[in-house]
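A.B. asks: Need coordinates for the below:
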Amino acid sequence: MSVTPDTIRLHLAYTTWASRRLVDVAAQLPEEQLNRNFQTSDRSVLGTLTHVYAADRIWWKRVSQQPVASFISDADYSLEVLQNDWPPVLEKWHDWAAGLTDERANFVLAYTDLRGNSYQQPLWQIVLHVVNHGTHHRGQVSGFLRAMGHTPPPLDLTAYYRQLPASATGQR
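C.D. replies: Residues are numbered from 1 along each chain as shown. Alright, predicted model coming up:
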């Protein structure tokens, strides 16, 4: 199985759209709500969005074959980092995907995780993991927002498709 470069580009655009929507909502929260501990692995709205940002960044480094020293730092836990540092990481993903070919999408990347385990995967699988990982955690943040009495923005892939011109999703 494989995924076309157009599908990869579309899903990277979706994950950017959805992540930006939640960062915009997070920017409106009072500090207490931004950091409220929901007893999950990443604890809070800020912690969970920071986790997604750090994952987007580490996977970008792997795909671009740059050294990876660590996953997340204390300095990453900042709304300003999410607003200022995350968009350039997402833009790197888009720039990379702009020139993607079928052959490159199927390229098997060898990488090592932070525990020292070695893996090999086609690039298209890595990209779909990045998108799916973000979707999972954005869903958690949406739940946190609802628990605090806020209505999260629509983030479904279908909501993204609906706001695109029909030509962008292959409709006629």
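A.B. asks: contacts and neighbour counts: CA atoms only from here.
C.D. replies: OK.
A.B. asks: so where's the longest helix in this protein?
C.D. replies: Longest helix in the chain by number of residues (criterion: DSSP state H): helix 123-147.
A.B. asks: the helices in the chain, which residues?
C.D. replies: With DSSP H as the criterion, the chain has helices at 5-26, 31-34, 45-63, 79-84, 86-98, 102-105, 123-147, 157-163.
A.B. asks: Neighbours of Leu155, how many?
C.D. replies: Using other C-alpha atoms under 10 Å, Leu155 has 19 neighbouring residues.
A.B. asks: got the phi/psi numbers for it?
C.D. replies: Here is the backbone geometry of Leu155 (degrees, to the nearest 10): phi -130, psi 0.
A.B. asks: show me what contacts the closest residue to Gly134 other than its chain neighbours?
C.D. replies: Nearest residue to Gly134, sequence neighbours excluded (C-alpha to C-alpha, 6 or more residues apart in numbering): Val52, at 5.7 Å. Going by C-alpha atoms under 8 Å, 6 or more residues apart in numbering, Val52 touches His133, Gly134, His137.
A.B. asks: Tell me how many other residues surround the nearest residue to the last one once chain neighbours are set aside.
C.D. replies: The spatial neighbour of His137 that comes closest, neighbours along the chain excluded (C-alpha to C-alpha, 6+ apart), is Thr48 at 6.5 Å. One way to gauge burial is a neighbour count; for Thr48, by other C-alpha under 10 Å, it gives 21.
A.B. asks: do Glu91 as well
C.D. replies: Glu91 has 14 nearby residues by other C-alpha under 10 Å.
A.B. asks: gap between it and Ser44?
C.D. replies: Remark: distance between Glu91 and Ser44 (C-alpha to C-alpha, to the nearest Å) = 25 Å.
A.B. asks: re the thing from before, was I right about the residue nearest to His137 contacting Gly143?
C.D. replies: No - if you go by C-alpha atoms under 8 Å, Thr48 and Gly143 don't touch, sitting 11.5 Å apart.
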